[in-house]
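Q: What follows is a protein structure lacking sequence information:
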């Protein structure tokens, strides 16, 4: 029997279906974020690359519609600048496999 192919995280992202809400379930306190004591870990910790930063600007941008709802960002942000709530019922990510 053949071993199943191991997918990379980037490939796994294509196995989920999104039903984004109109409003973000993620909010950032930009004042706290500017004083980040954790080297803006949210930019690197999110597997779906929800958080981005424009070069030369301090403000973090959120692509909430890509969120996998894993909660890693709220755990990694030790300054509590990220307010993450579950999306309203029927919205957000729907996993197709597993």
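A: Alright, I've got the coordinates. This is a predicted model, so every value here is computed, not measured.
Q: pLDDT below threshold where in this structure?
A: Along the chain, the parts satisfying pLDDT under 70 run over 1, 13, 96-98.
Q: For it, which segments are assigned as strands?
A: Ranges of strands in the chain, per DSSP state E, are 16-19, 26-28, 51-53, 60-62, 82-84, 92-95.
Q: Residue 60 bridge partners, please.
A: Using DSSP bridges, the beta-bridge partners of residue 60 come out as residue 53.
Q: ok, now which ones touch it?
A: Shown in contact with residue 60 (C-beta atoms under 8 Å, 6 or more residues apart in numbering): 28, 30, 33, 40, 42, 43, 51, 52, 53. Every C-beta, even on glycine, is put in place using the N, C-alpha and C of the backbone.
Q: what's the closest of the strands of the chain to residue 10?
A: Across the strands of the chain, residue 10 has its closest neighbour in strand 16-19 (12.2 Å, C-beta to C-beta).
Q: rewinding a little: of the contacts of residue 60, just the buried ones, PyMOL syntax please.
A: Here is the PyMOL selection string for the buried members of the contacts of residue 60, based on 16 or more other C-beta atoms under 10 Å:
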select buried, resi 28+33+40+42+51
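Q: Name the nearest residue to residue 54, ignoring sequence neighbours.
A: Among residues not flanking residue 54 along the chain, residue 61 sits closest, at 7.1 Å (C-beta to C-beta, 6 or more residues apart in numbering).
Q: Take the strands of the chain and lay them out in TSV including distance to residue 69.
A: TSV is the format used below for the strands of the chain (distance: least, C-beta to C-beta, whole Å):
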stretch	distance to residue 69
strand 16-19	10
strand 26-28	10
strand 51-53	14
strand 60-62	14
strand 82-84	9
strand 92-95	5
